[in-house]
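Undergrad: Provide a 3D model corresponding to the input given below.
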Amino acid sequence: QVQLVESGGGLVQPGGSLRLSCAASGFTLDYYAIGWFRQAPGKEREGVSCIGSSDGSTYSADSVKGRFTISRDNAKNTVYLQMNSLKPEDTAVYYCATTTFCTLVSGLYKYWGQGTQVTVSS
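TA: Model prediction:
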């Protein structure tokens, strides 16, 4: 059974850091590009970062560039999203998903995790 499970979310103060994990089971992540998306209440889902399968190339939305870093550990079948200098506007449910190439277009993603809540507040 193909499954993606996100973890690492929580409550953090502005300026703090979190590292999200996206663990895959039932398939090997090596052959897939992985994207992180987020959705805040009342807002549309937004692409955050993605990482390619072969060369590990990455792309991030302007809103998180310089603050968020996506990486992958194929040996652990896991992709990470390191989030630094967090802001209240980063508050959202964060999802990971699989696709064939790095893109922030959510409609091109096939498998999705259930999401993990990130709340940035003092």
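Undergrad: now the most centrally placed residue in the chain, what's its secondary structure?
TA: Most central residue of the chain, judged by C-alpha distance to the mean C-alpha position with CA atoms, centre = their mean, is residue 36 at 2.6 Å. Recorded secondary structure, residue 36: strand (DSSP: H, G, I helix; E, B strand; the rest coil).
Undergrad: i'd like the first residue to be 158 from this point on
TA: Yep, numbering from 158; the last one is residue 193 now.
Undergrad: got a list of what it touches?
TA: Applying CB atoms under 8 Å, 6 or more residues apart in numbering, we find residue 193 in contact with 177, 179, 204, 205, 206, 207, 227, 236, 238, 251, 252, 253. No exception for glycine: its C-beta is placed from N, CA and C like everyone else's.
Undergrad: Can you add neighbour count and give those residues back as JSON lines?
TA: Shown next, in JSON lines, are the contacts of residue 193 (neighbours: other CB atoms under 10 Å):
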{"residue": "177", "neighbour count": "24"}
{"residue": "179", "neighbour count": "27"}
{"residue": "204", "neighbour count": "20"}
{"residue": "205", "neighbour count": "24"}
{"residue": "206", "neighbour count": "26"}
{"residue": "207", "neighbour count": "26"}
{"residue": "227", "neighbour count": "25"}
{"residue": "236", "neighbour count": "28"}
{"residue": "238", "neighbour count": "28"}
{"residue": "251", "neighbour count": "23"}
{"residue": "252", "neighbour count": "23"}
{"residue": "253", "neighbour count": "32"}
